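> Here is my input; please provide its structure:
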Amino acid sequence: MVYVWSVVCFAGLTMALAAVLMVAARVLVNYGICKLDINAGEEPLEVDGGQTLLSALYANEIFIPSACGGKGSCGHCKITVTDGGGPVLPTETPYLNRKEIRANLRLACQVKIREDVFVRIPEDLLNVKMFEATVASSVDLTHDIKEIRMNLVEPAEIAQRPGQYVQVQAPSPEGPVFRAYSISSAAHEPNEVELVVRLVPNGVGSTYLHNVSPGDTVNFTGPYGEFHLNEDPSVEIVCVGGGCGMAPMKNIIYTLYERWPERTCWLFFGCRTTEDVFYLERFQELAKEHPNFHVVYALSDELEDGEKWDGETGFIHLSVDKYLEAGVPRQAFLCGPPLMIEAVTRILLAKGLASEEIFYDEF
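The predicted structure follows:
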């Protein structure tokens, strides 16, 4: 009994001390109002000192990408802090290489505003907005992948490029969090945003999106992403992916053929079994309309007895190696697991693609 009371007393004293320290930090460490200068603007923002740089930016509707909710575990919220950010913290170094540190890149979620801060933010990020949308449809594509189409409410239009993504606001026990999803609807559909979402076990964002229904309201920020589609119609486009990696490729392909009906494009898509195949018939119909569009699906698992499949088999990088000729000007976009991206990248480099023409999203 004495032991139990000792543990209870120790725990109580620890909690009391923590509470005292929190109150003291708020009362004694008061940084007042600080200036936040963005891109050497004429009118710096005035923000409360003591908060993180990421929080201050969000409060002023400047939406820097952050998939972890500001916990310092994703490394997405990198911006340039030219002055006032203090030293680089140990929590930042796992996500910053030496070149980035020399260039004054910081994780906005880890920088505390204690004085006037001067930052540089790309114009694309300054144009990111918070959108409100209404779910128009939620369709099962496979046993664990849904296609979710939303109609924009406010703002009513989005100016996105193929390959970009949005960050969906999802509820969680700790409050709202943001999770990133590639836009699968084409760029010439400004009033809608479509997502292709795989259900991740215990995933906050995917669980939320897999349970929305037509008429529900969804909020998200965007668009994000630096990928730019090559404007030269003589350059072939190669898309390689699997699973929910379909989303950005679908956007690229439909945007491509809206603008350049005769352009050459290859789609290589890897699935484990026939149950994981989706959009194949839709793309085959598109290929009939555009003869320079080539569709190659491959199954990596062995077929079950009696199962019919007339496509490729094996890992998808083998199909890339089989069908692509060397020495052709191309731009490639890959979306899938790291091992797939590494294998496909080796094939593309061997085919003569320059590394700067190979873009990828890992998941």
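> quick one: buried residues of stretch 218-230?
If you call a residue buried by 16 or more other C-beta atoms under 10 Å, then stretch 218-230 has these buried ones: Val218, Asn219, Phe220, Thr221, Gly222, Pro223, Tyr224, Gly225, Phe227, Leu229. Where C-beta positions appear, they are placed from N, C-alpha and C, glycine not excepted.
> Show me the beta-bridge partners of Val117.
Leu36 (DSSP bridges).
> Name the nearest of the buried residues of stretch 218-230 relative to Ile145.
Ile145 has its nearest neighbour among the buried residues of stretch 218-230 in Val218, at 17.6 Å by C-beta to C-beta.
> where's that closest one, which helix or strand?
Assessed by DSSP states H and E, Val218 sits inside strand 217-224.
> Let's see that strand as CSV, backbone CA atoms only.
C-alpha atoms of strand 217-224 as CSV (Å, rounded to 0.1, in the frame of the first residue of the first chain):
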residue,chain,number,x,y,z
THR,A,217,-18.8,18.8,-47.0
VAL,A,218,-15.0,18.3,-47.3
ASN,A,219,-12.4,21.0,-46.8
PHE,A,220,-9.0,21.0,-48.3
THR,A,221,-6.1,23.2,-49.2
GLY,A,222,-4.2,23.3,-52.5
PRO,A,223,-3.0,22.9,-55.1
TYR,A,224,0.5,21.9,-54.2
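> Can you spell out which helices and strands pack onto it?
strand 129-140, strand 165-170, strand 177-182 (3 or more C-beta pairs under 8 Å, 6 or more residues apart in numbering; DSSP states H and E).
> distance of Ile158 from Phe220?
According to C-beta to C-beta, to the nearest Å, Ile158 and Phe220 sit 10 Å apart.
> Mutual contacts of those two, please.
Both Ile158 and Phe220 are contacted by Phe131, Val193, under the criterion C-beta atoms under 8 Å, 6 or more residues apart in numbering.
> Show which residues not belonging to the strand holding Val218 make contact with it.
63, 65, 124-125, 128-135, 150, 153, 158-161, 164-169, 178, 180, 183, 193, 209, 212.
> how about the nearest residue to Glu154, chain neighbours excluded?
Closest residue to Glu154 apart from its sequence neighbours, by C-beta to C-beta, 6 or more residues apart in numbering: Glu132 at 4.8 Å.
> which residues does that neighbour bridge with?
Glu154, Asn219.
> And for Val197?
Per DSSP bridges, the residues bridged to Val197 are Lys146.
> Could you check the pLDDT of it?
Looking at Val197, its pLDDT is 95.
> ditto for Gly70
For Gly70, the pLDDT comes out at 80.
> which residues does the residue lying closest to it once chain neighbours are set aside contact?
Residue nearest to Gly70 in three dimensions, not counting chain neighbours: Cys109, with 4.0 Å by C-beta to C-beta, 6+ apart. Counting by C-beta under 8 Å, 6+ apart, Cys109 makes contact with Thr52, Leu53, Leu54, Ser66, Cys68, Gly70, Lys71, Gly72, Cys77.
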